[in-house]
Each structure stands twice: as structure tokens, then as C-alpha cells.
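Trainee: here are the coordinates; sequence isn't available:
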């Protein structure tokens, strides 16, 4: 889930660790429990099932004053589709729970569903269940999404090895820039004279209508290209920590290699930001972050071009003791700042 | 899910119908979509997977002022276990999402989990995933529970036939009586001189520590005894409508046959209630409601006694045009009142 406060992300991480210590999950057929983008179950001799769940809270993850119910529904589904993409799985079935405040009327609920279903249709996902009830305060949306891979074939956060290249799909920071435009004071909300209309539209669209990298995830998984993978929902600088923790490694990122769209670069210039900051902190881009062993990098890059998948190598996996460092444009290494999406909104 | 307002239950029902019309769910391997206690997926050649999800809202489904986090966690898990019981399935894996207000501290969250895990341990369920985030207002708990049955072997709401006997497990109304005691004004909260301490404790315990009828559900399913089944979470008088709608039948219930515990009867007497009203409206008993064909009733009743399962025949399935009627103690048929749990709290 994207867009919770940095503090909460840290708290969640601690809480999950506390729970894992307290309730270690072992069961026949359980491949992956808490700690990755989805839980993995060996449900048959041919398929692994991947299950992910996300709870989105009004005023924390979305704002009914600035986003339409349809866009909120679409983005809620996409956040979960992205988790399934990060496992290299094909999404299959969705369950949705709603706690609905009395202020929200049935047409708005149906609009929310329409947004959800639009995201599902794009990926052949079927709504199979759910729950609706009253809420004393605010709209809450829980999505559970199930997907499949062939057995013994999935992308995990653990598995990155020293020397592996660090890659991302697409471009980073666009969604955050789009959100800032939508949330900005009237002066920023109107297009600034120096930001082209096409860039303005592109950034807003990237925020309201993100795309989960299902095809890219399945491609990486099918060929066994990636040693580790996850999706970027909270921002690169926070999310890469998960791969490093689970894989017990460090990482060195190169600011000059971070893929930033021309629109995002133009936006950052207008606002006087370093676009690197947007790329590091920007959540909800729903790009994939993955690692590839040194000897496979040339083949992966060639194949990606052949498929029309945009990927960029942004760094390299280092030993654990190296920690997380960012090479800035002057070639000097600095500790990777723990900025987060929320930080910037 | 139990304990939403009667109005909300009706709205949910309408909403679900609207969604089913709008998004008919058909997919390879999808056995049951929206409209039963769980969705059913043919995940392998040997097993069906059953998936249910529930979203519980503070101030609607639970109250942190009158219930401990541990009891709230336990009961949240039990509500979902009961849905899996109603499918005749063995519960396997649980995912939990929490939206946590800043007023709730980590020890309370861990207590909530401890309650959840206690319920899970009783039934061999393993926590495999989840999500935690901030809430701007109130605690929200979403549980997704997955269970299994052998293929082509499950209990559905549809399937009841005219002439089938209508049965329930256990006794009805205890949980509502316990809740009323817990919520009562100080005068009712203290044990009334005419209610024995043992009855008082029993009713509170039935509310705080309900039991999902997993064993009974699996037994009914294994032998193919039940033609239809569901769990009673919102109250018999509301829930039986679901079986009648899905099975396209009516039903006649007999007030004199409703199983009411001695404690509940004593409580009703103290409060000047008709215990029938408690039995009809009482939700969260998590008993199973099921139907059995005429020729199998004697065998089912004999087998239940042999296993130590308490079941009671409370009526008979009638044609659709009969609607829902209750035979009162004077032998006269009345339309079944649309009371609900909330009505009584």
C-alpha cells in the first residue's frame, strides 16, 4: 500500500517483525508467509496461488474531495494488481470489502466499483466476493487479490546477491508530481506557463490511472531473469530497503541512472526540485524494482527492448555492511535518504 | 458479518444484486462467486478453495469501550471461521488488514492479534499475510480466510427443496443476551438477583467467546447430509431469507422448536422478553442453519446424537409463494418478523 506516513511504514515493519517472531507461520503447502508482496500457497501440483490484501483508509490513502470514486476504485485495484505483478503472477480473482459512511450514496459506490472493475477487466480479473457494511466515520476499502504462477516459479524479495544489477521498469516520480499538481494550491493547480499542457496531462494521468506491470512481472518470472523483485508503492528509497533486508545485502544506487520522464523533469524544474528527489520519494508509480545477476544483464536488457518493456539499471547490490548508498551526480556516495512519498505530498 | 443495521443488511443485499447484474462473474475454475458465505475456486483436481472476507468497523461491529482488543480479535476471526464452517470447509489460511487510529498503541494491537491467533489455533489456521496502515478515525479490521474441501463437495445457500427440514446447531439468542448484559445500564450489568451467576457468566461467555461450528459443518458436508446451509451471523429471521432467496423457496418456522438455552430463557424472563424474540433476532451466535431432505432427517438426527452435535429441527421448507411464516405458540401462522440483531441491542 502506498502513501502512508514514513513513520507508519516503519511502525508497520516493526509490527510485522514482532508478529513474525510471535506467530511463525509454517504449514503444509505454505511457500511464503508475511514479508513479501503476497503470500504464496502450493494449492495444486501445477499452480502456486498468490494472495495479497490491502486496506485503504479515507483521509490516509485517498481523499474524496480531490479524487472521484471511480479513480479511487481504479487505483485501489491497481495497488493490489501491482503486488501480484511483483510476484510474477497472473492475477485471477478479487474480493472487495467496503465500510461505507452514510454520506456516501449508492451511485458513488457503484462508481467506485466501476473503477475497480475497469482495472480488473484490463487484466482479466474476476470479482468473486466481498462484504459491505456501515462505517461510523470515513470510507474504508479492503481488497484481496489472488493470482497464480506455475509451481516453483515466483519472484520474491529475498534472493538478491552481491554484484546483481538493480533495475526498475518505467519512470519514477510521475505519480507524485501528478498528485502534487492535483493537490497544489490554485496557483500550482493551474498549469504553470513553463509546463507544457501535454506534460501536465501526462503527470496527472500517471497519478489517476497508473498501470500495474503485470506483463513485465510475468516475463521476468517466466524466464527466471530476476533474482529478487518487488513493486514500488511507497517510494524507491523506502522500498529498496525491503529487498535488502530480505536478501541480507546492501545496495548502491546511482542518481544519474534513475529513469525520470521528460514531463517529470520539466515539472521539477518549474517547481525548483531536484527530479532525483521525486524519483526516490515518489510512491504509487507501481513500477517493478528487481535485481538481475551480472551475467544475465545483457540478455535481459536485449530481451526487454525486443518486447518493448522499458527497464533501467539504476545500481548494484553490495554487501550488507555497505548499507544503502546513493551516488550523486558529483560521483560522491551518500547514505540513501529515508525520504518517502508522504514526506513530499 | 454480524451486527450491522437491518437497513444496512437490506442495502447490502440490494447492492450485491446490483453488482451481480452489472458484473456477472464467470471464469474457468470459479465454482461460486458473490452470494454465498464464501467464494469457491476449483484450484486443483483434488481440492476446492473457499475464500471469505469481512470488514469490521469500530462503532459498528465492535466497541473498544466495552470489549477488550483480545476479545475483538477473537470474535473477528470467529465470524470468518463461521463463514468457512457454513461451506463445510476446513479453515487453512488467514490474512488480516488493520487501519489503526493513533489512539491505539502497539500493545493493544498485539493483544488484538493474540485474540485472533487464539481463534486460529483452535482450528489449525495459519496467519499468512496482511496489511497495516494508519486510520484517520477508528479501528478497522479486515479478515480474509481461506479453507478447503474435497472437490465437488461443499454446502451452499442454494439447494433447499420443498419438504426439507430446517435445522440449526446449538442454541440461539445467547450472544445477544450476553451483549445486552455487557451493554446494559449499570443496573442490568450487575447480575439481577433473579438471574443465577452461572447463567450470567454463560451468556457473557457466549458473546465474548463464540465458537464456529467447523466440526459440524465438515460433518454435514462429508456425508452430504445438508441440501443447503449458512451460518447465523445477523439473526435467524434475517439469515433464513438468504437460503430462501438462493433456493427459491419459502419456509415455515415453529417458535416452539427454536432451541433456547436455559440461561437465555432465564434472562428473557428477568427482562420480560419473549425468548423467541431473542432467538429470532440474535446474531453472532455463529450457529449453522441448514436443511435436510425428509428421508434423511432420522439418520442425521441419530448421527448427530452419536457425535455429540446438538441440532434442532425448527421448521420446514415451503413453496416460494408461502413466503416466510412463523407458527407461534398458539399454533397460528404469522409472517416472520424482519427483526434483526441491531434492532435489539
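Mentor: Cool, got the structure. All of these numbers come straight from a predicted model, not from anything done at the bench.
Trainee: tell me the secondary structure for residue A:132?
Mentor: Recorded secondary structure, residue A:132: strand (DSSP: H, G, I helix; E, B strand; the rest coil).
Trainee: where's residue A:229, which helix or strand?
Mentor: Using DSSP states H and E, residue A:229 sits within strand A:226-231.
Trainee: can you list the strands that that strand pairs with?
Mentor: strand A:288-292 (antiparallel) (DSSP bridges).
Trainee: please enumerate residues in contact with the strand it pairs with?
Mentor: With CB atoms under 8 Å, 6 or more residues apart in numbering or on different chains as the contact definition, strand A:288-292 has outside contacts at A:85-86, A:155, A:159-161, A:164-169, A:213, A:216-217, A:220, A:225-232, A:236, A:239-240, A:243, A:247, A:300, A:317. Any C-beta I mention is one placed from the backbone N, CA and C, and that applies to glycine too.
Trainee: still on that earlier bit, next SSE after the strand holding residue A:229?
Mentor: Taking DSSP H and E, what comes next after strand A:226-231 is helix A:236-247.
Trainee: what angle sits between that next one and strand A:288-292?
Mentor: Between helix A:236-247 and strand A:288-292, the angle comes out at 50 degrees (axes from the mean of the first three to the mean of the last three CA atoms, to 10 degrees).
Trainee: which helices and strands sit right next to helix A:236-247?
Mentor: Applying 3 or more CB pairs under 8 Å, 6 or more residues apart in numbering or on different chains; DSSP states H and E, one finds that helix A:236-247 contacts strand A:226-231, strand A:250-254, helix A:275-281, strand A:288-292, strand A:324-327.
Trainee: one step back: measure how far the strand holding residue A:229 is from the centre of its chain, please.
Mentor: 12 Å (CA atoms, centre = their mean, to the nearest Å).
Trainee: before we move on, what about stretch A:198-205?
Mentor: Using CA atoms, centre = their mean, the offset of stretch A:198-205 from its chain centre is 20 Å.
Trainee: got the contact list for it?
Mentor: A:174, A:177-178, A:181-182, A:191, A:261-264, A:266-267.
Trainee: buried stuff in that stretch?
Mentor: A:199-200, A:202-204 (16 or more other CB atoms under 10 Å in any protein chain shown).
Trainee: pretty sure residue A:55 sits against residue B:96.
Mentor: No: Residue A:55 is beyond contact range of residue B:96, at 9.3 Å (criterion: CB atoms under 8 Å).
Trainee: which non-adjacent residue is nearest residue A:145?
Mentor: Spatial nearest neighbour of residue A:145, excluding adjacent residues (CB to CB, 6 or more residues apart in numbering or on different chains): residue A:80 at 4.0 Å.
Trainee: how about residue A:267?
Mentor: residue A:177 (4.6 Å).
Trainee: what score does residue A:102 have for pLDDT?
Mentor: Residue A:102 carries a pLDDT value of 89.
Trainee: how about it, secondary structure?
Mentor: coil.
Trainee: correct me if wrong: it contacts residue A:136.
Mentor: No: the pair residue A:102 / residue A:136 is not scored as a contact, 9.1 Å apart, by CB under 8 Å.
Trainee: look at those two and report which has more neighbours.
Mentor: residue A:136 (14 against 9; other CB atoms under 10 Å in any protein chain shown).
Trainee: the nearest residue to that one once chain neighbours are set aside: neighbour count?
Mentor: Computed as CB to CB, 6+ apart, the closest residue to residue A:136 that is not its neighbour in sequence is residue B:59, at 3.5 Å. For residue B:59, the neighbour count with other CB under 10 Å is 15.
Trainee: find me the pLDDT at residue B:59, would you?
Mentor: 92.
Trainee: same thing with residue A:127?
Mentor: 91.
Trainee: gap between it and residue A:114?
Mentor: Separation of residue A:127 from residue A:114 (CB to CB, to the nearest Å): 11 Å.
Trainee: who has more neighbours out of those two?
Mentor: residue A:127 (24 against 15).
Trainee: my guess is that one contacts residue B:25. True?
Mentor: Yes: counting by CB under 8 Å, residue A:127 does reach residue B:25; the two are 5.8 Å apart.
Trainee: can you list the residues of the stretch 101-250 of chain A near chain B?
Mentor: A:106, A:109-110, A:113, A:117, A:126-138, A:140, A:142, A:144, A:146 (CB under 8 Å from any CB of the partner chain).
Trainee: where does chain A get nearest to chain B, residue-wise?
Mentor: residue A:44 (3.1 Å; CB to the nearest CB).
Trainee: quick one: pLDDT of the residue nearest to that residue when sequence neighbours are not counted?
Mentor: Leaving aside its chain neighbours, residue A:44 sits nearest to residue B:44 (3.1 Å; criterion: CB to CB, 6+ apart). pLDDT recorded at residue B:44 is 88.
Trainee: residue B:44 against residue A:43, yeah?
Mentor: Yes: counting by CB under 8 Å, residue B:44 does reach residue A:43; the two are 5.8 Å apart.
Trainee: which stretches in the stretch 1-150 of chain A count as helices?
Mentor: A:6-22, A:69-86, A:106-122 (DSSP state H, counting those that start in this stretch).
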